[in-house]
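Asker: Below is the structure, and that's it, no one-letter string:
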């Protein structure tokens with residue numbers, strides 16, 4: 001769930017992430033792992049964004065994992081094989097505070113082979129960094145703050161000042177979900193307007209994911225209908241088939257079929 005939200009934010013607000021992590025406001029497009037000849041080691045938590053000159057490799061993690069250093073060097077070599085002239089920035093972003101030493105790892109070493117990457121532990125990052133751009137607002141409550149409730153209240157105020165309704169809804173829903181890592185649900189509901197989240201396609205997608213994970217086998221048909229409904233709503237928001245497939249759990253082919261069906265219904 002948290003991975004999907006982070007990937008949605010990175011893809012939708014790529015220029016905000018570029019400003020934060022690359023120091024330049026450029027638009028990045030998604031780079032599919034399949035374009036690197038090999039399938040991903042593990043599909044979740046991974047996002048690859050690219051411009052003409054740079055590839056940004058992000059790994060969002062709620063828990064520390066021992067295989068992260070290997071993932072970093074593996075993808076660096078894959079990108080080099082495909083884009084020899086492009087520079088690459090690799091960042092592992094840990095969302096939830098932990099005392100594990102694994103979140104301190106920034107290198108991969110094997111005999112004479114050495115590779116270095118960047119690690120960002122959100123709980124060590126200054127809060128103001130995430131208040132400067134709409135796409136980063138949901139991360140503010142996970143940052144270095146002495147009062148998470150007050151920070152969420154500040155984020156809620158920033159969200160209300162977003163003029164475009166769809167962006168406002170999606171940022172509110174993403175904030176609601178990520179804040180759940182550090183705050184009680186009741187507190188979050190008091191500070192964020194429920195109607196903003198309910199109107200968000202992101203929120204609907206996460207609800208669908210919850211259905212997919214939590215429903216009993218006997219409710220499979222109803223669950224499938226709910227997921228299809230959410231997928232259709234995402235398509236109406238002009239999201240790509242790849243993103244819709246990622247957040248709903250459907251295959252790209254299933255999403256494309258839904259898109260064709262909806263186009264047919266609209267033409268009748």
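Answerer: Yep, it's here. Predicted, not measured: the structure shown is a model, and the values here were computed from it.
Asker: Count the residues that sit near residue 92.
Answerer: The local packing of residue 92 (other Cβ atoms under 10 Å) involves 24 other residues. Yep, even glycine has a C-beta here, placed from its N, CA and C like the rest.
Asker: Could you give the backbone dihedrals for it?
Answerer: Backbone torsions for residue 92, taken as degrees, to the nearest 10, come to phi -100, psi 120.
Asker: how close does it sit to residue 64?
Answerer: With distances taken as Cβ to Cβ, to the nearest Å, residue 92 is found 10 Å from residue 64.
Asker: can you map out the helices along this structure?
Answerer: Using DSSP state H, the helices found in the chain span residues 2-12, 14-22, 68-82, 148-160, 165-179, 185-191, 194-198, 201-214, 220-236, 241-248, 252-267.
Asker: In TSV, list these along with mean pLDDT.
Answerer: Below are the helices of the chain laid out as TSV (pLDDT from 0 to 100):
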stretch	mean pLDDT
helix 2-12	88
helix 14-22	94
helix 68-82	92
helix 148-160	95
helix 165-179	91
helix 185-191	87
helix 194-198	72
helix 201-214	63
helix 220-236	71
helix 241-248	76
helix 252-267	80
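Asker: Turn these into TSV, columns for mean neighbour count and distance to residue 120.
Answerer: Rendered in TSV, the data for the helices of the chain read as follows (neighbours: other Cβ atoms under 10 Å; distance: least, Cβ to Cβ, whole Å):
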stretch	mean neighbour count	distance to residue 120
helix 2-12	22	12
helix 14-22	19	8
helix 68-82	18	13
helix 148-160	18	18
helix 165-179	23	15
helix 185-191	14	23
helix 194-198	16	26
helix 201-214	19	22
helix 220-236	17	29
helix 241-248	21	22
helix 252-267	13	30
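Asker: just checking, residue 137 touches residue 131?
Answerer: Yes - shown here, residue 137 and residue 131 form a contact pair, counting by Cβ atoms under 8 Å, at 6.8 Å.
Asker: joint contacts of those two?
Answerer: A shared contact of residue 137 and residue 131, defined by Cβ atoms under 8 Å, 6 or more residues apart in numbering, is any residue touching both; here these are 155, 158.
Asker: between these two, who's got more neighbours?
Answerer: residue 137 (25 against 17).
Asker: Relative to residue 197, how far out is the more buried one?
Answerer: Computed with Cβ to Cβ, the distance linking residue 137 and residue 197 is 14 Å.
Asker: Between these two, which contacts overlap?
Answerer: Contacts common to residue 137 and residue 197, judged by Cβ under 8 Å, 6+ apart, are absent.
Asker: Output the helices of the chain as CSV; include the columns distance to residue 55.
Answerer: What follows is the helices of the chain, written out as CSV (distance: least, Cβ to Cβ, whole Å):
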stretch, distance to residue 55
helix 2-12, 13
helix 14-22, 11
helix 68-82, 5
helix 148-160, 30
helix 165-179, 24
helix 185-191, 35
helix 194-198, 33
helix 201-214, 25
helix 220-236, 26
helix 241-248, 17
helix 252-267, 22
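Asker: Tell me which of those sits nearest to residue 119.
Answerer: Closest of the helices of the chain to residue 119 is helix 68-82, at 8.5 Å (criterion: Cβ to Cβ).
Asker: what residues does that closest one touch?
Answerer: Counting by Cβ under 8 Å, 6+ apart, the neighbours of helix 68-82 from elsewhere in the structure are 35-38, 41-42, 46, 48, 55, 57, 59, 61, 86, 88, 90, 92, 102, 105, 107-108, 113, 115, 117.
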